[in-house]
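Q: need the 3D shape of this:
(one chain, ligands or ions: 1)
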Amino acid sequence: MTSRLTPAIILRAVRIWSGLFLLAFVTSHLTNLSFGLISIDAMDAARPYLSGVWTGQITGTLLFVSLLSHFFLGLWAIYVRPTLRTNTQDIVQLLTGVLVVPLLATHAIGISMAANAGLNLGYADTVRLFWLGAPTIGLLQVVMLSVVWVHGCAGLFTWLRSKENAGRLLYWLYLLAVIVPVVALLGYAEAGREMLIAGQNGGELAQNPAMPENVTVPFAQIRQITNIVIIGSIVLAALTLAARLVRLTLQKTQEVVLVRDGGPQMVSTSALSMLDGFQRNDQPHANLCAGRGRCGTCAVRIVKSDFPLPSPSEMELRTLYRVGAPEGARLACQLKPAGGRVEVLAIYPADYTFEDARPSDAPSATGAPA
Ligand code: FES
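A: Residues are numbered from 1 along each chain as shown. Below you'll find the model as predicted:
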């Protein structure tokens, strides 16, 4: 098996790693918030090691690059998708993905521009601002973190489900996916309560922060830039959907008839992958990575095809090789028959998961797992 790096393989890696980087950013922020269960002082003590590490020049640049590349690759994925008919988790990931940039940009731009101007707010100042000064913005931060968290977890789980050895890790991560945001929100609420009590008692925490001398925060500029980013990202998402619609309208397609495991005929088109064709006909088919070409569980053995089938891409070959698929097998999620009748045998049962797999479940040369 040769290992040639193609643009598709590189873009897929960039999408995964930029997503993981962004998820690490959100996780560290949520973890920092959870220190509010102890006290606001504890949040500030943990800040340099959690939230603070993201304001450095290298981490800040990486964060910015990750955000941009993840956003544009997400738009590209929407543009090239032959159909938006997919599973619920995928739909949630798509919808939250469109919201991530406008929501996260507001936070990231505000914090970094204020920091560049020399204003380094501690948690006492931030909690005071979000609980006493501008509760609407505080609520927006909570929404932002929740949306980004849901999007990140959906992406992480889809990615890990395509890995054969991630079974046990997934159980822990499902647990953490619930615990981390809940504890963070409790910490945020407790910090707010501490601030409100301090306010009632006229305590030090409730006093307005004195703006350091010689520090002028360009609030108008921050607002202007965040507005441009929010409107720009919404316009780009709308343009992507419009371009996709035009592409699909102009596309010339042929009818494809699919027959799987000697079952009923399924009518599809050459614009759709074989997996899309199965799903369009309400025929369940294994697809642990939701058609991203990573898991190999949608693999089929070609029995007969009226027309020559398009050659597999390097990415498809890699996945087939990794899962030990039999000679001549193809990934149903990547294969788009050009037309005519195609008969195939499914290699994995429709409800197959790697957690169910035992050593004897490896795909056999004749097709189905033993
Ligand atoms: S659905 Fe995962 S490789 Fe096709």
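
Q: where do the helices sit along the chain?
A: 7-34, 40-46, 57-80, 88-116, 123-128, 135-161, 167-200, 219-250, 274-280, 314-322 (DSSP state H).

Q: what is the orientation angle of the fourth one with helix 57-80?
A: I take that to be helix 88-116. 150 degrees (axes from the mean of the first three to the mean of the last three CA atoms, to 10 degrees).

Q: is helix 88-116 anywhere near the ligand?
A: No - using CB under 6 Å from any ligand atom, helix 88-116 stays clear of the ligand, coming no nearer than 11.0 Å. Just so you know, the C-beta spots here come from the backbone N, C-alpha and C atoms, and that holds for glycine as well.

Q: buried stuff in that helix?
A: 90, 93-94, 96-114 (16 or more other CB atoms under 10 Å).

Q: turn the helices of the chain into TSV, including mean pLDDT.
A: Shown next, in TSV, are the helices of the chain (pLDDT from 0 to 100):
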stretch	mean pLDDT
helix 7-34	90
helix 40-46	93
helix 57-80	88
helix 88-116	76
helix 123-128	84
helix 135-161	85
helix 167-200	88
helix 219-250	88
helix 274-280	94
helix 314-322	91
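
Q: roughly how far apart are the residue of the stretch 51-200 of the chain found nearest the ligand and G152?
A: Taking CB to the nearest ligand atom, the ligand has its nearest neighbour within the stretch 51-200 of the chain at S162, 5.9 Å off. With distances taken as CB to CB, to the nearest Å, S162 is found 16 Å from G152.

Q: over to P349?
A: 30 Å.

Q: look at these two and report which has more neighbours.
A: A count of neighbours by other CB atoms under 10 Å puts G152 above the other of P349 and G152, at 23 against 15.

Q: contact partners for that one?
A: G19, L22, L23, V26 (CB atoms under 8 Å, 6 or more residues apart in numbering).

Q: try 6 Å this time
A: L23 (CB atoms under 6 Å, 6 or more residues apart in numbering).

Q: now it: how far from L309?
A: In terms of CB to CB, G152 sits 36 Å off from L309.

Q: how long is stretch 25-41 from one end to the other?
A: Stretch 25-41 has an end-to-end distance of 21 Å (CA to CA, to the nearest Å).
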